[in-house]
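Undergrad: Dropping the sequence and predicted coords here.
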Amino acid sequence: MSFKRSLVTFIERLSMTCGLVAALAATSVSQDLAGIKCVMNGDKPASADSSVDYLDAKVYFCCDDCAAAFKADMDKTDSPVLIKANHQLLLTGQYVQKACPLTGKPVAADKSVDVGGVQVGLCCGGCVAKVTGASDLAAKASLCFVKASFEKGFELKKAEPNLENVKCMLMPAKPVSKDFAAQYGDHQVFFCCKGCKAKFEKDATPFAAKANHQLFQTGQVKQIACPFSGSATKDEHATEVNGVTVKFCCANCKAKTEAADAGQQVDLVFGEKGFAKGFK
């Protein structure tokens with residue numbers, strides 16, 4: 001076979017492979033949204049191609065017109081559409097339950113009610129009776145997924161920490177292990193051994209910036225603004241800080257970081273002030 005023909009065959013096969021990968025990705029998204037309806041037009045299935053960012057997650061629609069209509073309705077607190085959006089966040093698994101949505105108290109193991117395909121845990125028989133006694137699905141959903149109830153009872157599902165290439169903050173030459181995790185705020189930080197974990201747990205203050213850096217590195221938090229100014233970031237003002245890419249609002253903030261040595265960079269960007277401004 002000639003070189004030219006071999007090249008053509010390779011390109012054809014590569015094209016087929018890429019097409020297969022794309023198809024598999026599309027299938028995965030389709031499966032995630034199987035049975036999910038548009039919150040604006042409940043008669044039509046939601047599509048991964050039409051979505052709006054909402055409560056740090058995504059709400060899906062049947063078309064771009066519905067997505068645009070939802071955006072116009074987002075400021076109307078407790079509108080029926082927002083209750084449906086909160087319901088969809090649970091159906092898609094982006095939010096999970098943390099407490100009884102009616103009282104904010106811990107959920108009882110034997111107290112739950114199905115609300116439109118979501119098994120809602122409740123704290124007591126009184127709350128169960130209140131939800132089951134509601135006149136219809138819309139009334140049940142309003143009780144459980146209205147803004148105040150949603151905030152009491154549900155939270156964004158935490159990202160599974162990615163420990164690939166993450167090193168121990170106390171022993172930087174050693175990789176961390178999920179077996180040595182310490183609670184840090186609402187998240188976890190990881191160490192190479194129980195000795196490092198114990199030292200951190202005894203006094204985490206000296207390691208705050210490194211711990212915040214690890215939270216970002218493991219994907220448990222995301223950047224939302226410039227850590228210096230709190231302003232919106234720009235892609236062209238990005239630099240690497242100890243293995244992670246951080247974006248800034250301007251060339252001056254980027255230059256300020258790059259002028260510091262590695263240790264100072266972590267303190268500047270991931271110290272308590274910078275972390276509070278720039279990450280969530």
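TA: All right, it came through fine. Numbers count the residues shown, from 1 in each chain.
Undergrad: Hmm, residue 267 is touching residue 206, no?
TA: No. Contact criterion Cβ atoms under 8 Å: residue 267 and residue 206 do not qualify, at 11.1 Å. No exception for glycine: its C-beta is placed from N, CA and C like everyone else's.
Undergrad: the more surrounded of those two?
TA: Comparing residue 267 with residue 206 by other Cβ atoms under 10 Å, the one with more neighbours is residue 267, at 15 against 11.
Undergrad: list the contacts for that one?
TA: residue 209 (Cβ atoms under 8 Å, 6 or more residues apart in numbering).
Undergrad: Swap in 10 Å and give it another go.
TA: By Cβ atoms under 10 Å, 6 or more residues apart in numbering, residue 267 lies in contact with 208, 209, 210, 213, 260, 274.
Undergrad: Helix, strand, or coil at it?
TA: Here residue 267 is helix, with the state taken from DSSP: H, G, I helix; E, B strand; the rest coil.
Undergrad: any idea of the mean pLDDT in stretch 193-202?
TA: Across stretch 193-202, the average pLDDT comes to 97.
Undergrad: which residues touch it?
TA: Here stretch 193-202 has contacts from 168-171, 174, 176-177, 179-184, 189-191, 206-207, 210-211, using Cβ under 10 Å, 6+ apart.
Undergrad: pretty sure residue 95 is touching residue 56, no?
TA: Yes. At 9.5 Å, residue 95 counts as touching residue 56 under the criterion of Cβ atoms under 10 Å.
Undergrad: and those two? which has more neighbours close in?
TA: Using other Cβ under 10 Å as the criterion, residue 95 and residue 56 rank with residue 95 on top: 23 against 12.
Undergrad: Strands of the stretch 1-150 of the chain, start to end?
TA: 47-54, 57-61, 95-97, 112-115, 118-121 (DSSP state E, counting those that start in this stretch).
Undergrad: mind giving me JSON lines with those and columns for distance to residue 128 and mean pLDDT?
TA: Output for the strands of the stretch 1-150 of the chain, formatted as JSON lines (distance: least, Cβ to Cβ, whole Å; pLDDT from 0 to 100):
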{"stretch": "strand 47-54", "distance to residue 128": "29", "mean pLDDT": "95"}
{"stretch": "strand 57-61", "distance to residue 128": "27", "mean pLDDT": "96"}
{"stretch": "strand 95-97", "distance to residue 128": "15", "mean pLDDT": "97"}
{"stretch": "strand 112-115", "distance to residue 128": "6", "mean pLDDT": "98"}
{"stretch": "strand 118-121", "distance to residue 128": "10", "mean pLDDT": "98"}
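Undergrad: Settle this for me: residue 169 is touching residue 175, isn't it.
TA: No. Contact criterion Cβ under 10 Å: residue 169 and residue 175 do not qualify, at 11.8 Å.
Undergrad: Quickly list what's touching both of the two.
TA: Common neighbours of residue 169 and residue 175 (Cβ under 10 Å, 6+ apart) are 190, 192.
Undergrad: These two: which is more packed in?
TA: Legend: neighbour count by other Cβ under 10 Å for residue 169 and residue 175, higher for residue 169 (20 against 13).
Undergrad: Secondary structure class of that one, three-state.
TA: Secondary structure state of residue 169, per three-state DSSP, is coil.
Undergrad: tell me the contacts of residue 123?
TA: Counting by Cβ under 10 Å, 6+ apart, residue 123 makes contact with 99, 100, 101, 102, 103, 104, 105, 106, 107, 108, 111, 153.
Undergrad: Oh, that last question was meant for residue 131, not what I typed.
TA: 101-102, 111-115, 120, 122, 139-141, 143-144.
Undergrad: quick one: which of those is nearest residue 238?
TA: Set against residue 238, the nearest of the contacts of residue 131 by Cβ to Cβ is residue 101 (39.8 Å).
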